[in-house]
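A.B. asks: sequence first, then the predicted structure, then my questions.
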Amino acid sequence: PFEVLVIGGGPAGSSAAIYAARKGISTGIAAERFGGQVADTMGIENLISVPYTEGPKLVAAMEQHVKEYDVDIMNLQRAEKLIPAARKGGLHEVRLANGASLKGRTVVLSTGARWRQLGVPGEEEYRNKGVAYCPHCDGPLFKGKRVAVVGGGNSGVEAAIDLAGIVGHVTLLEFASEMKADDVLQKKLRSLKNVEILTSAQTTEVTGEGGKVNGLQYTDRTTGESHHVSLEGVFVQIGLIPNTEWLKGDIELSQHGEIIVDERGETSIPGVFSAGDVTTVPYKQIVISMGEGSKAALSAFDFLIRNSVD
Ligand code: FAD
């Protein structure tokens, strides 16, 4: 068994594995796909001290850093079930899709999240070529340009307010007849001069030309008419789904399916910690995930020195 078993190989998991291994304790990391969301990212400009890098380059650097230590890396392994230790300080078991099972005296869950997609033509084709999911990451790329935000919940309206300060014009499209965001956010959004709000608007296609987004097609659900908006960017803000389907019923999750953690990164199960986008910690970013991963590993180490029973 491992002293620290990390599940998930994105920034949070990589950081947890490095911090654990540096304590000289046996560490394993199992990931469905090492690198996580970073592997799907183009330019990264907000990893402090690295003014610019690209996803695949950062993934290679993370992997190389983990390999500096005695960490058992198990890539292409999907966890399917967590069986918590019967008593505090006992071994937790994680069952894998391939039938094998791993054991850890502590576990760090860092399985991340995925953006809910619109599922319309053009979205996949123009991903990273105008279609974006993270305003904190990609907002500045659209300085002075016209963008759409799809989704009128809190994240969509926050994104639209944020983007309105950077880009030239924002069109917010909400499928329902009213936005779902908190009133205070809606009020703020309506006060902005360079924002147009379209409700009962169903986005049907992201259009493009020459390998770049040039607009968005939507249907007005009250009239059934189809319209085209010319713009350079589309921010999809219809939800971030935590990868916790496999944990339901075994660990305490928020109403959004995120793993509930305390300030030390500990979950509802003693000895099981969690970090990164999969948790209730707000603001889903690389630098935050790395920090949270190191915190979870240090908490796991602390747990081990206080609960060494057998
Ligand atoms: P993830 O990166 O999601 O990694 C999760 C890991 O868990 C992966 O290895 C995955 O394969 C694995 N996993 C999932 N389920 C299982 C399972 N059941 N069993 C085993 N393994 C599993 N942030 C920034 O700070 N700057 C940016 O510029 C930026 N740009 C982005 C661009 C895009 C297109 C996207 C999608 C995200 C971007 N982000 C950016 C957000 C950033 O990528 C995430 O905040 C960060 O990757 C979260 O790290 P994580 O380790 O928590 O999770």
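C.D. replies: Great, that's in hand.
A.B. asks: element containing the residue nearest to A39 when sequence neighbours are not counted, please.
C.D. replies: Of all residues not flanking A39 in the chain, V59 sits nearest, at 5.2 Å (Cβ to Cβ, 6 or more residues apart in numbering). All C-beta atoms are positioned from the backbone trio N, CA, C, and that covers glycine. For V59, the element it lies in under DSSP states H and E is helix 55-67.
A.B. asks: kindly report the same for I305.
C.D. replies: helix 286-306.
A.B. asks: quick one: mean pLDDT over that helix.
C.D. replies: What helix 286-306 shows for mean pLDDT is 98.
A.B. asks: now that helix: buried residues?
C.D. replies: 286, 288-301, 303-304 (16 or more other Cβ atoms under 10 Å).
A.B. asks: I'd like to know which elements it is packed against.
C.D. replies: strand 2-7, helix 11-21, strand 101-109, strand 272-274 (3 or more Cβ pairs under 8 Å, 6 or more residues apart in numbering; DSSP states H and E).
A.B. asks: the second one vs strand 101-109, what angle?
C.D. replies: Think helix 11-21. Angle, helix 11-21 to strand 101-109, by axes from the mean of the first three to the mean of the last three Cα atoms, to 10 degrees: 110 degrees.
A.B. asks: please begin residue numbering at 559 from this point
C.D. replies: With 559 as the first residue, the last one maps to helix 569-579.
A.B. asks: and the next helix or strand past helix 569-579?
C.D. replies: strand 585-589.
A.B. asks: next helix or strand past that next one?
C.D. replies: strand 601-602.
A.B. asks: so where is the protein shaky, pLDDT-wise?
C.D. replies: 867-868 (pLDDT under 70).
A.B. asks: who in it is up against the ligand?
C.D. replies: 565-571, 588-592, 594-596, 598-599, 602, 604, 636-637, 668-671, 673, 691-692, 695, 801, 804, 834-836, 842-845, 847 (Cβ under 6 Å from any ligand atom).
A.B. asks: ok, back up a step: could you dump the helices and strands packed on helix 844-864 to JSON lines with mean neighbour count and distance to A718?
C.D. replies: Shown next, in JSON lines, are the helices and strands packed on helix 844-864 (neighbours: other Cβ atoms under 10 Å; distance: least, Cβ to Cβ, whole Å):
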{"stretch": "strand 560-565", "mean neighbour count": "28", "distance to A718": "35"}
{"stretch": "helix 569-579", "mean neighbour count": "30", "distance to A718": "27"}
{"stretch": "strand 659-667", "mean neighbour count": "25", "distance to A718": "32"}
{"stretch": "strand 830-832", "mean neighbour count": "31", "distance to A718": "30"}
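A.B. asks: wait, which of these is closest to E681?
C.D. replies: With Cβ to Cβ, the closest approach to E681 among the helices and strands packed on helix 844-864 belongs to helix 569-579: 24.7 Å.
A.B. asks: thanks a lot, see you next time.
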